[in-house]
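A.B. asks: coords below, sequence missing:
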């Protein structure tokens, strides 16, 4: 298979403008003849569905939520980056581009990232026009703050609820189009399969989560904006319903899955408190501005933290990375916490935690200043743990937060299956091996508002599509297969719940394919996952019926796909014999324990082709060409 | 701790529902309320019973998916807290807890504790937006907005659309939800062009969905997990009356 990324010729700075100027167009009167399915109504999906409908396309939007306002984009706290340079502090499109490429450890495609930086400014304008209440200064102008991995203030925010406000902006635009009759909204529908006819994506199979009815929906193009797969680890900061099914089903129908092993582990999350734990909660990275991270120097030191004197504490980030200290990048801070806990120095009941201590900051600044900066986060922490961080140090531990990998797409955001477009976290395109803070919101909205409206038209205008119907053999077969799968799952009637399998898979993934990976661990995982999958299909228990609202069945269907997808992640992690960004292979580190990249052999996106359940996927490489930046080693010492 | 739960069970929209009693043992005080239900559900599955259907997603108090009435109070006893952020340390050994779905004509029960809130979406569809197509926008700093107005808009925009206000209201009114959107957009210059029609259309749709009227009990504000103020209802009423007197613009 030939991977063609379709990167336009010309200077990096001019590529997108030149490309848009020459894209073929669809006549306004003809747009309504094209049916487009958009799956997912998060930032990327809602913004795409609304914008395509404004242009005149006939759009159907699908979400498994009860409303298009609930996707996990809503939980993003910190902000959204844009190269506005409102602060006059030296920001520019180039600088945002370079920070993103470097932050991604030189594993992203230059042309896509540059375009992202270019359209970032239009996103802010559009959101302001929609009425997104961004924070303002007293003079009435937009306020900015700083985020990790950048030396300029380019992050726009709406209190600690930026994701919520941006999503509501996109949701309102979408609701307007629904009200105008330009979008048909399908709530409580979960995509179960992709329908490919004559090599083109022409529809989806979806299950009505209230009635259980499985049916096909046909279209001229399918846009997946279905988010990331962090829940393969069971415990993550993702919402409970986040899953890999839509993208994995597309993968099984021929779409290549790129860099699945690139996972971001966020260092400051509230640790697990018991076996019943259902998810993990993120505490904003901003806390590390004033909090100091430490563990006791002695193993098994059971004293309460205020009884441990300075001389018995190890402020390990300050010790190992004196110039960045507690503000070391996410991947580095996460691995250091793991190392401390692996050495038996972890704190809290599980031993999987480190202290984030504000007592020095309170002594230096006073309680009021600390409360002003972090009060809402302290409240959230206390609500969850019952401990008062003004008095007792917070306990934190790293958790899975975001997945950089996703379906492979070209410059048009189209997968290798023509007519299948992939947006937002679901694609692999912009963040390389590590994403910078406040860049996920930017990418989701860039893809939906400003990229797909152009490139989709180019696709329609450059070829003709024959009519399809739900009666086509491809559609009928896909529906039948989905129905059979539900029937099979319900008939097993074993002993274990879907959740128990999900937890076990998550624990394998976390141990073997989490913060640190090794050939030995990954080989073990590749043995254990198929065994677990086999047990699942013999011993899972799903009560109830298919033709009703059945949450166990929804979960069972998602876990079944995670049990195949986990293996794909391990294959990818095993093949990548280097450490880069969120992918840390224990065999490939410097003498000081830092990530050791191998640009000679691994400067490519790994795009995997499905070859059957349990069978090793075929690797296709998209070589990453860096024509505008020098590959460099990151150092934070 | 050990608890006795009385939970509303209803197999489907047209089925009859009833409270069913479950005893749960060894509940950890560190569990969230929903994790306590997760544990009960795992137990029900192992006993070959149908687990309790309840909706939830982010479990961080922001997506607005979860919601249930606990001992008569939407989202339970802790102020400004969604049920997913309610933790079991609020309860003590031996407590009896009654758990029911939101009760409102415009929120039909779909199963057990899950209700259909698409009526909220339809209210937004009639006017809860600024009519601006992608690509129309001028520079974000072109219209200065005072910090006071931006903050006021944000106070209203913080609504998570969970429906607790409706569940708390003796009239099942959706005034606080609707007013929050009208208040959010009405506080900003971008929202002025459609201010009058917005109030008229959204209030009409609210009535058409079968939500009740407001009689100033203010239960909605007390139940709101985001603490949205009933002052926004007063503003909505002003916008609505102005629209009604001035005719549609």
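C.D. replies: Thanks, I have it. None of the values given here were measured: they were computed from a predicted structure.
A.B. asks: For residue A:571, give its distance to chain B.
C.D. replies: In this view, residue A:571 and chain B are 30 Å apart by C-beta to the nearest C-beta, to the nearest Å. For the C-beta atoms, the positions are set from N, CA and C on the backbone; glycine is no exception.
A.B. asks: List the residues that contact that residue.
C.D. replies: A:526, A:608, A:616-617 (C-beta atoms under 8 Å, 6 or more residues apart in numbering or on different chains).
A.B. asks: Does residue A:549 touch residue B:53 like I think?
C.D. replies: Yes. Counting by C-beta atoms under 8 Å, residue A:549 touches residue B:53, with 6.1 Å between them.
A.B. asks: Mutual contacts of the two, please.
C.D. replies: B:110-111, B:114.
A.B. asks: out of the residues you listed, who's near chain A?
C.D. replies: B:110-111, B:114 (C-beta under 8 Å from any C-beta of the partner chain).
A.B. asks: Could you tell me which of those residues are located in helices?
C.D. replies: Judged by DSSP state H, these include no members of helices.
A.B. asks: Any idea how far the longest helix seen in chain B is from the middle of the chain?
C.D. replies: Longest helix of chain B, by residue count under DSSP H: helix B:231-246. Its chain's C-alpha centre and that of helix B:231-246 lie 22 Å apart, by C-alpha atoms, centre = their mean, to the nearest Å.
A.B. asks: where do the helices sit along chain B?
C.D. replies: Along chain B, the stretches classed as helices by DSSP H are B:33-46, B:118-125, B:147-157, B:164-168, B:175-186, B:195-208, B:219-223, B:231-246.
A.B. asks: For the fifth one, enumerate the helices and strands it packs against.
C.D. replies: Based on contacts counted as 3 or more C-beta pairs under 8 Å, 6 or more residues apart in numbering or on different chains; DSSP states H and E, the elements that helix B:175-186 packs against are helix B:118-125, helix B:147-157, helix B:164-168, helix B:195-208, helix B:219-223, helix B:231-246.
A.B. asks: pLDDT on stretch A:121-136, on average?
C.D. replies: Averaging pLDDT along stretch A:121-136 gives 97.
A.B. asks: what's near enough to touch the residue in chain B that chain A sits nearest to?
C.D. replies: Residue nearest to chain A within chain B (C-beta to the nearest C-beta): residue B:144, separated by 2.8 Å. By C-beta under 8 Å, 6+ apart, residue B:144 lies in contact with A:136, A:139-141.
A.B. asks: Over to residue B:246?
C.D. replies: Contacts of residue B:246 by C-beta under 8 Å, 6+ apart are residue B:196.
A.B. asks: Now do it, the pLDDT please.
C.D. replies: 84.
A.B. asks: Sketch out the low-pLDDT regions of chain B for me.
C.D. replies: In the prediction, chain B carries residues with pLDDT under 70 at positions B:247-249.
A.B. asks: Give me the domain ranges for it.
C.D. replies: B:3-110, B:117-131+B:142-246 (automatic domain parsing).
A.B. asks: Out of the ones you listed, flag the one nearest residue A:629.
C.D. replies: Shortest distance between residue A:629 and the domains of chain B, using C-beta to C-beta, is found for domain B:117-131+B:142-246: 33.3 Å.
A.B. asks: tell me the SS of residue A:529?
C.D. replies: What DSSP: H, G, I helix; E, B strand; the rest coil gives for residue A:529 is helix.
A.B. asks: and the gap between it and residue A:512?
C.D. replies: 9 Å (C-beta to C-beta, to the nearest Å).
A.B. asks: Between those two, which contacts overlap?
C.D. replies: Residues touching both residue A:529 and residue A:512 (C-beta under 8 Å, 6+ apart): residue A:570.
A.B. asks: so what's residue 66 up against?
C.D. replies: In the absence of a named chain, this looks at chain A. With contact set as C-beta under 8 Å, 6+ apart, residue A:66 has these partners: A:187-188, B:55, B:65, B:114, B:116-118.
A.B. asks: The chain in question should be chain B.
C.D. replies: So residue B:66 contacts B:34, B:54-57, B:59, B:82-84, B:162 (C-beta under 8 Å, 6+ apart).
A.B. asks: same thing with residue A:172?
C.D. replies: Counted by C-beta under 8 Å, 6+ apart, residue A:172 has contacts A:130-131, B:124, B:128-130.
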